[in-house]
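Peer 1: Just to be clear, the model below is a prediction. Sequence and coordinates:
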Amino acid sequence: MSKSPTASSAPKQQSLDLSTLSIQNLSAVKKQLDEELEHLTSSFQKLRSAQSRFKECVKAIKNGVNPEMEGKTILIPLTQSLYVPGKLEDTNTVLVDVGTGYYVEKTTEKATEFYNEKIKSVGTNLDDLEKIITQKTQNAKVVEDVLRQKVLAANVASSTS
């Protein structure tokens, strides 16, 4: 278990013998892995949040855009915390945010398909990211174990001399 992939996030990882590294180098590798894990975990949470928002969009289309709501006053979100009253004039089409501030008019069926595809795509990315996080966590544990062994060996060597 002395070989472990490097902390490089390149697609092709290299192996190196951790026992040949100094305590300072091992500490630097551990710090880099911890920083990468923090970033990846943050990205994972953001993707999970985006997936949740897409699911809310599907739910809003299914529950809020129906013929019973036509002509009734509803609250329309302008931002996450600002809503204005409005009336639903057409229950067959909705505006879909396709990114970077662009909106496209779609039928409710097409909008639901669009958001379900987004949910599926983000889910795949979450699965891939989870595998990467698991591997990085294992790498960090291996580096931490080798670092601990080296520090203990250095302490034993200094106390016996």
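Peer 2: Noted; the coordinates are in hand.

Peer 1: Parallel or antiparallel, which strands does the helix or strand where residue 96 lies pair with?
Peer 2: Residue 96 is part of strand 93-99 when elements are defined by DSSP states H and E. Paired strands of strand 93-99, with direction, are strand 102-107 (antiparallel) (DSSP bridges).

Peer 1: State the mean pLDDT of the strand it pairs with.
Peer 2: Model confidence over strand 102-107, given as mean pLDDT, is 94.

Peer 1: Helices of this structure, start to end?
Peer 2: Remark: helices assigned in the chain by DSSP state H are 23-64, 108-160.

Peer 1: With only the CA atoms kept, save stretch 81-101 in PDB.
Peer 2: C-alpha atoms of stretch 81-101 as PDB (Å, rounded to 0.1, in the frame of the first residue of the first chain):
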ATOM      1  CA  SER A  81     -37.400  35.700  -2.300                       C
ATOM      2  CA  LEU A  82     -39.400  38.100  -4.400                       C
ATOM      3  CA  TYR A  83     -42.900  37.100  -5.800                       C
ATOM      4  CA  VAL A  84     -45.400  39.200  -7.600                       C
ATOM      5  CA  PRO A  85     -49.100  38.500  -8.200                       C
ATOM      6  CA  GLY A  86     -50.000  37.500 -11.700                       C
ATOM      7  CA  LYS A  87     -52.600  35.500 -13.700                       C
ATOM      8  CA  LEU A  88     -51.900  32.400 -15.600                       C
ATOM      9  CA  GLU A  89     -53.300  33.000 -19.100                       C
ATOM     10  CA  ASP A  90     -52.000  29.900 -20.900                       C
ATOM     11  CA  THR A  91     -51.700  26.500 -19.300                       C
ATOM     12  CA  ASN A  92     -50.200  24.800 -22.400                       C
ATOM     13  CA  THR A  93     -46.900  26.600 -22.600                       C
ATOM     14  CA  VAL A  94     -44.300  27.800 -20.100                       C
ATOM     15  CA  LEU A  95     -41.100  29.800 -20.300                       C
ATOM     16  CA  VAL A  96     -38.000  27.600 -19.600                       C
ATOM     17  CA  ASP A  97     -34.700  29.000 -18.400                       C
ATOM     18  CA  VAL A  98     -32.200  27.300 -20.700                       C
ATOM     19  CA  GLY A  99     -29.200  29.100 -19.100                       C
ATOM     20  CA  THR A 100     -27.300  32.300 -19.100                       C
ATOM     21  CA  GLY A 101     -30.500  34.300 -18.900                       C
END
